[in-house]
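Participant: Okay, predicted coordinates and the sequence, questions at the end:
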Amino acid sequence: MGLVLLLMALTALPASAQAQPGSPPPPPTHDARPDADPLADLTLPGLALPDLATVPGSVLGDVAPDGRATGSAGASAAPVAAGGPSSASLLPALSGPRMFSGLAFDTCKAPSLETMRRWRSSKYGAVGVYYGGRGRACRHQPRLGHRWMKGVQRLGWRVLPLYVGSQSPCVVAGSKKVYRVGRHPWSQGLREGRDAVSRARAVGIRPGSPLYLDMEAYKYRQKKCARTTLTFVRGWDRQVRRKGYVPGFYSSADSGVAHMRAAARAGARDLPSVIWFARWHTRPRLVREPVLRGSPWSSRRRIHQYAGNVKERHGGRSLVIDRNLVHAPVARIR
């Protein structure tokens with residue numbers, strides 16, 4: 001398995017990521033050169049990052065720079081390979097996020113508050129909301145606003161905010177090709193990250209909340225496309241994190257999520273803090289996803305979308321939804 005993942009990393013990342021092992025350069029500290037390629041000098045360290053899902057006392061899988069798990073229990077994890085970046089440097093610690101563990105659904109258009117009230121009789125405790133982004137399918141959201149957010153919170157729901165921005169240049173879905181990332185992915189990622197935060201604030205989502213970037217399935221083994229996509233994602237993550245929010249990432253397990261894992265193994269910074277992976281027609285599971293095995297995203301930083309486009313009826317109201325298993329941060333609503 002390790003050899004397969006290493007080969008994935010080599011094929012998915014740009015040629016510069018295939019150099020001799022070494023320490024990656026520090027990320028840019030400002031936006032003065034928005035079109036500079038942040039991956040230009042990235043090297044591939046001999047690195048095996050621990051999955052701390054089962055480490056007692058770990059906090060969301062974070063490890064300190066010395067490779068030890070953080071947390072009140074002070075439990076230790078296997079040290080990170082010498083000379084390589086730690087999980088903590090790749091995925092900054094989440095500072096007291098509001099967490100949810102359980103089942104969630106997401107649906108294209110925000111349902112009415114009355115429907116959400118009736119669906120409290122279901123097994124779900126959280127709802128995924130497509131609150132912004134030029135690439136979302138249901139752009140017209142007449143109900144979605146601060147009043148709706150406050151209303152679902154009063155009903156006891158937790159919210160998972162999804163932003164469907166620009167898509168990979170090699171996106172598979174034909175309907176998403178008109179939203180492909182352009183020639184300047186870094187500056188475009190920064191710009192859309194600012195938009196994601198602005199729209200989140202407009203509907204009452206407070207700092208400290210996660211914002212999940214929806215990147216539909218793409219052919220990540222195409223090197224040029226992989227470079228462009230990763231540069232865009234890292235720019236978006238940096239801007240969202242800079243504004244005080246938690247960057248998350250949604251994609252199919254075998255494309256975008258496999259790509260992020262390869263980037264983590266290569267030592268890339270500005271990666272998503274939480275992974276939302278789609279693998280349908282399987283049992284809901286967080287720990288045993290093969291693509292994420294040995295990754296820095298512990299089971300407390302994961303959402304599994306395990307079924308899609310299914311119709312359910314609760315309280316006399318029907319919706320077409322995707323089903324998710326969650327152990328991850330949710331929105332703070334003001």
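Facilitator: Here it is on my side, so go on.

Participant: Now do the same for the spatially most central residue of the chain: its pLDDT.
Facilitator: Nearest to the geometric centre of the chain sits F249, at 1.8 Å (C-alpha atoms, centre = their mean). What the model reports as pLDDT for F249 is 98.

Participant: Quickly find the element holding the closest residue to it other than its chain neighbours.
Facilitator: Leaving aside its chain neighbours, F249 sits nearest to P272 (3.6 Å; criterion: C-beta to C-beta, 6 or more residues apart in numbering). All C-beta atoms are positioned from the backbone trio N, CA, C, and that covers glycine. Of the helices and strands defined by DSSP states H and E, none includes P272.

Participant: Distance check, P272 against P97.
Facilitator: 14 Å (C-beta to C-beta, to the nearest Å).

Participant: related to what we said a few turns ago, what sits against the residue nearest to the centre of the chain?
Facilitator: Applying C-beta atoms under 8 Å, 6 or more residues apart in numbering to F249 gives the contacts Y212, L213, M215, V233, D237, G256, V257, M260, P272, V274, I275, W276.

Participant: Mind picking the two most distant members of the residues you listed?
Facilitator: D237 and V257 (14.6 Å; C-beta to C-beta).

Participant: of those two, who's got more company?
Facilitator: V257 (28 against 25; other C-beta atoms under 10 Å).

Participant: Surely that one is in contact with A263?
Facilitator: No - at 10.6 Å, V257 does not count as touching A263 under the criterion of C-beta atoms under 8 Å.

Participant: what residue ranges in the stretch 51-200 of the chain score low on pLDDT?
Facilitator: 51-91, 93-96 (pLDDT under 70).

Participant: the strands in it, which residues?
Facilitator: Taking DSSP state E, counting those that start in this stretch as the test, the strands found in the stretch 51-200 of the chain are 99-106, 126-132, 158-163.

Participant: For those, could you give me CSV that also reports distance to R242?
Facilitator: Shown next, in CSV, are those (distance: least, C-beta to C-beta, whole Å):
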stretch, distance to R242
strand 99-106, 23
strand 126-132, 18
strand 158-163, 16
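
Participant: can you list these in TSV and add mean neighbour count?
Facilitator: Converted to TSV, these look like this (neighbours: other C-beta atoms under 10 Å):
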stretch	mean neighbour count
strand 99-106	19
strand 126-132	24
strand 158-163	25
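
Participant: now for the ones you listed, which one comes closest to A268?
Facilitator: Distance to A268, taken as C-beta to C-beta, is lowest for strand 158-163 among the strands of the stretch 51-200 of the chain, at 20.6 Å.

Participant: if we can go back for a sec, the residue nearest to the centre of the chain in helix, strand or coil?
Facilitator: Secondary structure assignment for F249 (DSSP: H, G, I helix; E, B strand; the rest coil): strand.

Participant: and L286, what element?
Facilitator: Using DSSP H and E, L286 is not contained in any helix or strand.

Participant: was I right about it contacting S298?
Facilitator: No - using C-beta under 8 Å, L286 makes no contact with S298, being 9.1 Å away.

Participant: So for these two, which sits in the more crowded spot?
Facilitator: Per other C-beta under 10 Å, whichever of L286 and S298 has more neighbours is S298, with 27 against 22.

Participant: so what pLDDT did the more buried one get?
Facilitator: The model's pLDDT for S298 equals 89.

Participant: next one: W236
Facilitator: Reported pLDDT for W236: 98.

Participant: show me the contacts for it.
Facilitator: G165, G189, L190, E192, G193, A196, L213, P247.

Participant: Tell me the one of those nearest Y179?
Facilitator: For the contacts of W236, the nearest to Y179 is G165 (7.7 Å; C-beta to C-beta).

Participant: and the lengthiest helix in the chain with strand 158-163, angle?
Facilitator: The longest helix of the chain (DSSP state H) is helix 223-242. Here the directions of helix 223-242 and strand 158-163 differ by 130 degrees (axes from the mean of the first three to the mean of the last three C-alpha atoms, to 10 degrees).

Participant: Give me the buried positions along helix 223-242.
Facilitator: Residues of helix 223-242 classed as buried by neighbour count (16 or more other C-beta atoms under 10 Å): 223, 225-241.

Participant: mind checking which of the strands of the stretch 51-200 of the chain is nearest G174?
Facilitator: strand 126-132 (19.4 Å).

Participant: Kind regards, and thank you for your time.
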